[in-house]
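Engineer: What follows is a predicted structure for the sequence shown.
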Amino acid sequence: MGPQVMAPINDKVILSTSLPTISLLRLEAGDANESAALLQACSSHGFFYLNLQGADTLLGTWRSLLSVIADYFDQPVDHKMNDARESDNQGYEPAGTSVGARSDEISRREMLNRHAELSTSVDKQQQLFFDFMGNAHKITLTILSRLSDALSLEGSAGFETVHRHDRPSLSTLALFHYLKQDNGQVPGFGHGKHTDIGTLTFLLCEQWGLQVISPDTESWAFVEPRLNHAVINVGDSLRFISGCKLSSAVHRVVPVQEKQMEDRYSIAYFLRMENDVKYRDSANKIWSAQEWHDSKFNLFRDPVGLPNNAQMLTGVMESNEKLLEKAIPVTWF
Ligand SMILES: O=C(O)CCC(=O)C(=O)O
Ligand SMILES: [Fe+2]
């Protein structure tokens with residue numbers, strides 16, 4: 001079983017037509033104009049389409065993975081619970097574990113020893129997952145070094161130097177299944193509004209549902225799924241380490257119609273910094289990358305004191321001048 005076709009959108013939907021498109025081929029070739037366009041995209045929107053032309057291996061692996069994950073999530077919950085690890089970046093998490101996220105999820109930390117402990121059907125597909133992670137990792141590192149170039153960050157000032165291969169990080173591949181709401185039993189759908197924790201997120205999804213706050217209109221806009229394009233966004237850690245020159249845009253996942261009429265599948269590779277890298281958030285507090293990660297995940301699970309803590313979910317973006325004028329109420333699905 002593979003994912004179903006995309007849902008038609010309704011009239012009220014605003015499309016984000018202004019998202020920039022960056023070419024992976026041109027970034028790989030070191031085209032300086034493309035690096036400048038990348039910097040512009042990451043400073044203004046914090047979100048862009050990455051044209052994957054030329055990345056045939058990755059696109060092929062993605063096709064195979066889509067049917068593997070659909071089959072995986074199709075298994076009974078009891079069986080999938082054999083893979084539960086009570087971890088934010090390893091194993092299975094059933095829908096509703098984190099506030100605002102109504103999705104089944106399977107995540108795998110990038111493991112250099114090339115071995116993952118999963119007992120259910122996906123165990124046999126380990127190579128596919130590692131191939132995908134390897135490719136996504138390489139692409140996100142290319143983006144990162146082009147951003148360093150465009151910001152003239154040379155040598156040890158470059159962003160790549162805090163993403164060394166042999167240092168522990170919480171980089172993760174996550175596979176999401178947003179459940180169809182056709183039988184009235186699913187309490188909610190989607191992913192509440194947030195910014196991503198880490199450096200860069202590489203997202204592949206051919207179905208509707210992702211929304212960003214458009215910097216042009218300051219209101220929610222759907223990101224149109226585009227064939228052979230990934231959606232890349234800047235996370236909090238990169239925003240902070242860039243001295244807030246780059247934006248970690250607020251986004252969420254919602255049904256396109258009143259209810260979610262089809263199962264939705266997405267794959268995200270979260271590139272994260274080395275655990276002990278330190279940075280200042282925009283409120284001037286110092287964090288290690290791991291502390292920021294753990295605190296934000298604790299909040300996702302148990303949002304004590306929301307909406308006071310809501311600023312952290314959105315990477316303190318709402319106290320940033322970019323969104324200050326129009327504070328958006330915290331809503332969950
Ligand atoms: O599933 C998606 O399209 C996006 C998921 C997301 O934003 C996240 O997991 O951080
Ligand atoms: Fe996200």
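Structural biologist: Cool, got the structure. Numbers count the residues shown, from 1 in each chain. Ligands and ions are numbered 1, 2, ... in the order given.
Engineer: so which strand or helix has residue 252?
Structural biologist: Assessed by DSSP states H and E, residue 252 sits inside strand 251-253.
Engineer: just checking, what packs against the helix or strand following that strand?
Structural biologist: Next along the chain after strand 251-253, taking DSSP H and E as the criterion, comes strand 264-271. For strand 264-271, the packing partners by 3 or more CB pairs under 8 Å, 6 or more residues apart in numbering; DSSP states H and E come out as helix 56-73, helix 126-150, strand 172-178, strand 200-204. Quick note: C-beta positions are derived from backbone N, CA and C, even for glycine.
Engineer: Export these to JSON lines and append columns for distance to ligand 1, mean pLDDT and mean neighbour count.
Structural biologist: Output for these, formatted as JSON lines (distance: least, CB to the nearest ligand atom, whole Å; pLDDT from 0 to 100; neighbours: other CB atoms under 10 Å):
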{"stretch": "helix 56-73", "distance to ligand 1": "12", "mean pLDDT": "84", "mean neighbour count": "17"}
{"stretch": "helix 126-150", "distance to ligand 1": "14", "mean pLDDT": "92", "mean neighbour count": "19"}
{"stretch": "strand 172-178", "distance to ligand 1": "5", "mean pLDDT": "84", "mean neighbour count": "23"}
{"stretch": "strand 200-204", "distance to ligand 1": "6", "mean pLDDT": "97", "mean neighbour count": "24"}
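Engineer: Which one of those lies nearest to residue 20?
Structural biologist: helix 126-150 (12.9 Å; CB to CB).
Engineer: could you say what helices and strands that closest one packs with?
Structural biologist: Helix 126-150 sits against helix 24-28, helix 32-44, helix 56-73, strand 172-178, strand 200-204, strand 229-234, strand 264-271, with contacts defined as 3+ CB pairs under 8 Å, 6+ apart.
Engineer: So for residue 161, which of these sits nearest?
Structural biologist: Minimum separation from residue 161 across the helices and strands packed on helix 126-150 (CB to CB) falls at strand 264-271, 14.1 Å.
Engineer: Done for today, thanks.
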